[in-house]
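**Q** Based on what follows, work out the 3D shape:
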Amino acid sequence: MDRNFPYKEPMNWKVAALYYFTALDDLPALQRKTKEFCLAHDICGTILIAPEGINGTIAGSEDNLDKTMIFLDTHFGIMKGEVKFSTACEKPFSRLKVRLKKEIVTLRAPEADPTKRVGTYVTPSRWNELLTDPDMIVIDTRNIYETKIGMFKGALDPKTRNFTEFKDFVQTTLDPAKNKKIAMYCTGGIRCEKASSYMKAHGFEDVYHLKGGILKYLETIPADKSQWEGSCFVFDKRIGVDHGLQESAYKMCFGCREPLEPEDIKHQAYEPGVSCPHCIDRLTPERAEGLRMRQKQIAQQKSQ
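**A** Here you go, the predicted structure:
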C-alpha cells in the first residue's frame, strides 16, 4: 500500500484531497454505494458526485483510507485524477457527507468542460520557471478568504467571493487579444482546471494551470526554493497547511468563517467560537448569545 498511497509521517488521521473529471451516470446508486462503504470504514469528510465527476476531501485511519481509495478508484477511476495525501493531529471533519451536485465545482458555465478541453498542465517542478515569465499573467482562482492567508509571489488576486464570480472577472479584466499567456492555480487543481477550460472556450489560447494545485507544490517543492508566501487555506479544521503539508498556526472564527492570524486572536474582539475583529461590528446580541451557548456545549462535551 505504501507504494500506491504514500504518506510521510504516521499520525492519527490520514487525509486525502481528490478530484477527477469524468462522465458519470446512475448517480444515486454511486452515492449510496460510496456512503455505505465510507460509513463502514469510519471515513469523515465530504464527497461530491456530479455528471462531470467526483470531488472531495476525506480522512480516516491509514488502513481505512487506503481501502477507501481502492474503492473510489474502482468506481470512479480516481487515481487517474488528482489525489493529495496529508495528515492531521485531530479528526479534521465532524462527519461524513456524500452529496449529489450539478457540478463538482460550481461555475455555471456549460462551455467549461474539462472532459472536452482544458489548458496545459504545469507540474510543480516547472511552475517557478513559469512564474518568472514577464509576459505571463498568473491568476489565483480561489476566493478572497483563501488568498488572504497565502499566495504565490506576483500573482493576481481577483478577490472573488465564490468561484462563479470568476466569469465576471475574466469578462471585465482580461482580453484574449491582449492577454496572450495566462497561468492559474488553486488549492488542489480542480478550480484552475475548470477555469482553464472556460478561458479556452472564450478565445484564450495559451492557458496553463498548476497540476495538483498548491497542495502538490507545497508537498514537492522545498521551502528554500519556493515562490509561495504564507499558508494554504484548506476546508477542514486544520484551516491552513505550510510546506510539507504541515498544519499551520491559523485558526478560524466560527462566527464568520474568516481565517485568523495570531494578531487577530490577541485582539480584544476575539472570543473563541463567537467573534473576531472581522465580524464583531455586525454581530447581534442574539447571535452572540447563541454562539456562546454552542461554545459552552462543546466545552462540556470535551470535558466528559
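**Q** roughly how far apart are Met293 and Glu286?
**A** Taking Cβ to Cβ, to the nearest Å as the criterion, Met293 is separated from Glu286 by 11 Å. The C-beta positions use only the backbone N, C-alpha and C, and glycine is treated the same way.
**Q** ok, these two, which is more surrounded?
**A** Met293 (11 against 8; other Cβ atoms under 10 Å).
**Q** wait, is the more buried one part of a strand?
**A** No. Under DSSP: H, G, I helix; E, B strand; the rest coil, Met293 sits outside any strand and is assigned helix.
**Q** helix or strand for the residue nearest to Lys200 when sequence neighbours are not counted, which one?
**A** Distances taken as Cβ to Cβ, 6 or more residues apart in numbering put Arg117 closest to Lys200, at 4.9 Å, once the chain neighbours are dropped. Using DSSP states H and E, Arg117 sits in no helix or strand.
**Q** Also Gly45?
**A** strand 44-50.
**Q** ok, then the element right after that strand?
**A** strand 53-60.
**Q** Next, the angle strand 44-50 makes with that following strand.
**A** Counting by axes from the mean of the first three to the mean of the last three Cα atoms, to 10 degrees, strand 53-60 lies at 170 degrees to strand 44-50.
**Q** packing partners for the strand holding Gly45?
**A** For strand 44-50, the packing partners by 3 or more Cβ pairs under 8 Å, 6 or more residues apart in numbering; DSSP states H and E come out as helix 27-40, strand 53-60, strand 96-100.
**Q** Run a quick neighbour tally on the residue nearest to Lys200.
**A** Neighbours around Arg117, by other Cβ under 10 Å: 15.
**Q** Same question for the one 3 residues further on.
**A** Other residues lying near Thr120 total 13 when counted by other Cβ under 10 Å.
**Q** Is it in contact with Tyr208, as I believe?
**A** Yes. Assessed by Cβ atoms under 8 Å, Thr120 is found in contact with Tyr208 at 4.8 Å.
**Q** tell me the centre residue of the chain?
**A** Per Cα atoms, centre = their mean, the C-alpha nearest to the average position across the chain is that of Thr187, at 4.4 Å.
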